[in-house]
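Trainee: one predicted model, sequence on top.
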Amino acid sequence: MKRTILTCLSIGLALAVQTVAAQACTPARTFPTITPGTITVAVYSYPPFATLLDGGNIGGVDSDIVKEIAARNCMTVTPVVVDPSAVIQNVLTKKVDLGIGDWFRTAERAKVLGLSHPMYVDQMAFYSRDGLTTLDELQGKRVGAVSGFLYAGQLERALTSSVMLYPNPVALAQDLMTGRIDVAADSYGTGVYAQSQGAYDGIAIKLAAPDPRVPVSVEPAQIALLSHLSNPELGAAIDAEIQELQAAGKIADILEANGLDRSGAETGAPRLIQ
């Protein structure tokens, strides 16, 4: 009997603590999500913007920003791990609330997706053993990029030689290191971060020289969270949250914590890559 009473008291105390904790959290905003109380995100491995951690957890710049938004609104984050090319499809089919992982704000995407207020800017780079920087230097080379990334489409249109497409950045990096391709087009921040962790030995990671044939090389891409157009309340709340986080210096802090420069949080006015 004593054990039963103690057990009941323990359960009651635990419930009371949970209730107090729930009451102590006051959401900054309210907005609908697929599963109440959580923000479901489509994510893939793309350090330092999105990383897959042990135990089903996620990290990286975009993940940390979404976690900050969730915490401010008394919510959790539920990741759905997919290939980069499947992120947009998961958003369009409403399997997730947000798509994350260094997604550019483009005019084409804005036609079918909700693009958040820009979080930070990213720059295009060429990874090669020869330190290539210009589009003309890439002509006739074996060039690779990740399928679904804006780099891939723009390079395919600009180069006379074909561009090899990869399902994810890991496969792209593997073929570059084994010599199956001569050049990889990817994020400058990603490459610099990876080299700081010991990757890309012997590879020069250079910012792509501005070339109007590849618009993203002329004006650094602004990065957004992706959402479904049918949920404008979510989109508006995310926009407001991002602007508040920027004003408080939180996004600059997150960039720095992930090995990137704080200046990346200076996005300027929202714009779309045409």
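Mentor: Yes, it's here. Given the structure is predicted, the values throughout are model-derived calculations rather than measurements. Numbers count the residues shown, from 1 in each chain.

Trainee: can you give me the helices in this structure?
Mentor: Taking DSSP state H as the criterion, the chain contains helices spanning 2-24, 61-72, 84-92, 107-110, 135-138, 150-158, 169-178, 188-196, 215-218, 232-247, 250-257.

Trainee: deepest-packed of these, please.
Mentor: helix 61-72 (a mean of 23; mean count of other C-beta atoms under 10 Å). (Glycine included, C-beta is placed from N, CA and C.)

Trainee: re earlier: can you list the helices of the chain in a markdown table and add distance to Gly55 and mean pLDDT?
Mentor: Below are these laid out as a markdown table (distance: least, C-beta to C-beta, whole Å; pLDDT from 0 to 100):
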| stretch | distance to Gly55 | mean pLDDT |
| --- | --- | --- |
| helix 2-24 | 22 | 48 |
| helix 61-72 | 14 | 98 |
| helix 84-92 | 22 | 95 |
| helix 107-110 | 32 | 94 |
| helix 135-138 | 41 | 96 |
| helix 150-158 | 32 | 92 |
| helix 169-178 | 20 | 95 |
| helix 188-196 | 22 | 88 |
| helix 215-218 | 35 | 89 |
| helix 232-247 | 26 | 97 |
| helix 250-257 | 20 | 96 |
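
Trainee: of those helices, which approaches Pro270 most closely?
Mentor: helix 232-247 (9.2 Å; C-beta to C-beta).

Trainee: report the angle between the closest one and helix 250-257.
Mentor: 70 degrees (axes from the mean of the first three to the mean of the last three C-alpha atoms, to 10 degrees).

Trainee: ok, back up a step: so for Ile39, which of the helices of the chain sits nearest?
Mentor: Of the helices of the chain, nearest to Ile39 by C-beta to C-beta is helix 61-72, at 5.2 Å.

Trainee: what packs against that closest one?
Mentor: Secondary-structure packing of helix 61-72 (3 or more C-beta pairs under 8 Å, 6 or more residues apart in numbering; DSSP states H and E): strand 38-43, strand 76-81, strand 98-104, strand 221-227, helix 232-247, helix 250-257.

Trainee: adding distance to Arg129, write these out as TSV.
Mentor: Formatted as TSV, the helices and strands packed on helix 61-72 follow (distance: least, C-beta to C-beta, whole Å):
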stretch	distance to Arg129
strand 38-43	31
strand 76-81	32
strand 98-104	24
strand 221-227	26
helix 232-247	38
helix 250-257	29
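
Trainee: and the ones you listed: which comes nearest Pro32?
Mentor: Using C-beta to C-beta, the helices and strands packed on helix 61-72 put helix 232-247 closest to Pro32, at 5.9 Å.

Trainee: report all helices and strands that that closest one contacts.
Mentor: Against helix 232-247 (3+ C-beta pairs under 8 Å, 6+ apart) you get helix 61-72, strand 114-115, strand 221-227, helix 250-257.

Trainee: in TSV, list the helices of the chain along with distance to Pro47.
Mentor: Converted to TSV, the helices of the chain look like this (distance: least, C-beta to C-beta, whole Å):
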stretch	distance to Pro47
helix 2-24	33
helix 61-72	9
helix 84-92	13
helix 107-110	23
helix 135-138	25
helix 150-158	17
helix 169-178	8
helix 188-196	6
helix 215-218	20
helix 232-247	21
helix 250-257	13
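
Trainee: ok, which of those comes nearest Ala42?
Mentor: Comparing the helices of the chain by C-beta to C-beta, helix 84-92 comes nearest, at 4.1 Å.

Trainee: so who does the residue nearest the centre of the chain touch?
Mentor: A centroid search over the chain (C-alpha atoms, centre = their mean) returns Gly101, at 1.9 Å, as the residue closest to the centre. By C-beta atoms under 8 Å, 6 or more residues apart in numbering, Gly101 lies in contact with 43-44, 46, 49-50, 60, 62, 84, 87.

Trainee: what pLDDT does it get?
Mentor: Looking at Gly101, its pLDDT stands at 95.

Trainee: give the closest residue to it in space, chain neighbours not counted.
Mentor: Nearest non-adjacent residue to Gly101, counting by C-beta to C-beta, 6 or more residues apart in numbering: Ala50, 4.2 Å away.

Trainee: since that was my last question, I'll sign off now.
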